[in-house]
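In: Pasting the sequence and the predicted coordinates here, then a few questions.
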Amino acid sequence: MDRIVPQLFLGDNQRLRVIKEYLQQLKKEKLSKIKKG
């Protein structure tokens, strides 16, 4: 049991990191589009 819990926690952290990076990229794309437009 001790081994399973940290793995689930790490999975959640990784997912959050991926989501954050995705959102950051979306923001960058929007900003670049606004600057070009």
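Out: Here it is on my side, so go on.

In: From the chain's centroid, how far away is the helix or strand hosting Lys28?
Out: Lys28 is part of helix 4-36, with elements assigned from DSSP states H and E. The chain centre lies 2 Å from the centre of helix 4-36; the measure is C-alpha atoms, centre = their mean, to the nearest Å.

In: and it, what's its mean pLDDT?
Out: For helix 4-36, mean pLDDT is 83.

In: helices and strands around that helix, which ones?
Out: Contact partners of helix 4-36 among helices and strands, from 3 or more C-beta pairs under 8 Å, 6 or more residues apart in numbering; DSSP states H and E: none. Quick note: C-beta positions are derived from backbone N, CA and C, even for glycine.

In: ok, Leu23 to Arg17 distance?
Out: Using C-beta to C-beta, to the nearest Å, Leu23 is found at 11 Å from Arg17.

In: swap in Ile34?
Out: For Ile34, the distance to Arg17 equals 26 Å [C-beta to C-beta].

In: repeat for Lys33
Out: In this view, Lys33 and Arg17 are 25 Å apart by C-beta to C-beta.

In: same thing with Ser32?
Out: 23 Å.

In: Gln14: how many residues sit nearby?
Out: For Gln14, the count of nearby residues is 10 (other C-beta atoms under 10 Å).
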